[in-house]
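1. could you work out the structure for the sequence below:
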Amino acid sequence: MVKTKTCHGHGMRCSDKDCEYDGSPNTRYSWLSTVTNTGTSCSFKKVDIKSKDPTFNDGCESENLECDLGESILIWNADLVNSCPYRVFSTTYLNIPFDNIFSNANGDIVF
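-> Numbering: from 1, shown residues only. As a prediction, the model looks like this:
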């Protein structure tokens, strides 16, 4: 659905971050007989998921690449998962050469 931007063969209306298709059925009536009307509605949108832990939203795992939320499903690609965007310092010594500016002894790390 996301790649083809179709909902059961019907083209979806799309904008920058979302797509939708409203396939609500046309109401039909028939005298003294049962009529069944069916329809399909589909939608998806791009959202940012940010979490400090690989587990988020009460049990969703980043490695699973999907999460069922009941009324909706989150799906993402493995190349979008950034497991550690920062380098962790165990110990560093900082100088204060100017007001509110911190740097290491070599001057190549500045905060």
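2. from here on, contacts and neighbour counts on C-alpha atoms
-> Will do.
3. my read is Pro108 is in a helix, agree?
-> Not quite, residue 108 is Asp, not Pro. No - secondary structure assignment places Asp108 outside any helix; it is coil (DSSP: H, G, I helix; E, B strand; the rest coil).
4. that one: neighbour count?
-> Taking other Cα atoms under 10 Å as the criterion, the count of residues near Asp108 is 7.
5. ok, it to Phe102 distance?
-> As defined by Cα to Cα, to the nearest Å, Asp108 lies at a distance of 11 Å from Phe102.
6. what's the spacing between stretch 102-109 and its chain's center?
-> Relative to the centre of its chain, stretch 102-109 is centred 37 Å away, using Cα atoms, centre = their mean, to the nearest Å.
7. what of stretch 13-29?
-> 21 Å.
8. now name the helix or strand holding the spatially most central residue of the chain.
-> Nearest to the centroid of the C-alpha atoms of the chain, with distances taken as Cα atoms, centre = their mean, sits Val47, at 3.9 Å. Counting by DSSP states H and E, there is no helix or strand that carries Val47.
9. what score does the residue of the chain most remote from its centre have for pLDDT?
-> No residue in the chain sits farther from the centre than Leu32, which is 48.2 Å out by Cα atoms, centre = their mean. Per-residue confidence (pLDDT) for Leu32: 91.
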